[in-house]
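Visitor: turn this into a model:
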Amino acid sequence: MNCRDVFREISNYLDGDLDPELKRAIEAHACGCHHCEVVVDSTRKTIELYCDGRLFPLPIAVRQRLHATLQQKCRLKVS
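Guide: Residues are numbered from 1 along each chain as shown. Sure thing, here's the model as predicted:
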């Protein structure tokens, strides 16, 4: 098991769609590989936040920058 194998199977791993042997191999690799441990944990947390459905208000300055950037990108596509 290497990092590429973990990345290839991360979706199946997080969905619980792996046979027990492959699941153990991914967990063993992630325990010894900080990079894969962080990627698996971050992906899991991102999915949990996304599926939670709660909205998080953006600070006004962030919202303004986001809108300005989106408007600029839209203008560039129209040109």
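Visitor: what is the neighbour count of residue 12?
Guide: Residue neighbour count, defined by other Cβ atoms under 10 Å, stands at 14 for residue 12. Heads up, the C-betas are built off the backbone N, CA and C, glycines and all.
Visitor: who touches it in this structure?
Guide: Shown in contact with residue 12 (Cβ atoms under 8 Å, 6 or more residues apart in numbering): residue 18.
Visitor: now do the buried residues in the strand or helix carrying it.
Guide: With secondary structure defined by DSSP states H and E, residue 12 is part of helix 3-15. Using 16 or more other Cβ atoms under 10 Å as the test for burial, helix 3-15 gives 6, 9, 10, 13.
Visitor: for the helix or strand just after it, buried residues please.
Guide: Going down the chain from helix 3-15, the next helix or strand is helix 20-32, by DSSP H and E. For helix 20-32, burial by neighbour count (16+ other Cβ under 10 Å) applies to 25, 26, 29, 30.
Visitor: okay, angle between the helix holding residue 12 and helix 20-32 too, please.
Guide: Here helix 3-15 runs at an angle of 120 degrees relative to helix 20-32 (axes from the mean of the first three to the mean of the last three Cα atoms, to 10 degrees).
Visitor: now do the contacts for the residue nearest the centre of the chain.
Guide: Nearest residue to the geometric centre of the chain (Cα atoms, centre = their mean): residue 43, 3.6 Å. Residue 43 makes contact with 10, 14 under the criterion Cβ under 8 Å, 6+ apart.
Visitor: and what of residue 23?
Guide: By Cβ under 8 Å, 6+ apart, residue 23 lies in contact with residue 13.
Visitor: and the pLDDT for it?
Guide: On pLDDT, residue 23 comes in at 96.
Visitor: circling back: turn the buried residues of helix 20-32 into JSON lines, columns for distance to residue 72.
Guide: Formatted as JSON lines, these follow (distance: Cβ to Cβ, whole Å):
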{"residue": "25", "distance to residue 72": "46"}
{"residue": "26", "distance to residue 72": "41"}
{"residue": "29", "distance to residue 72": "42"}
{"residue": "30", "distance to residue 72": "40"}
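Visitor: okay, and residue 71 sits in which element?
Guide: For residue 71, the host element (DSSP H and E) is helix 60-78.
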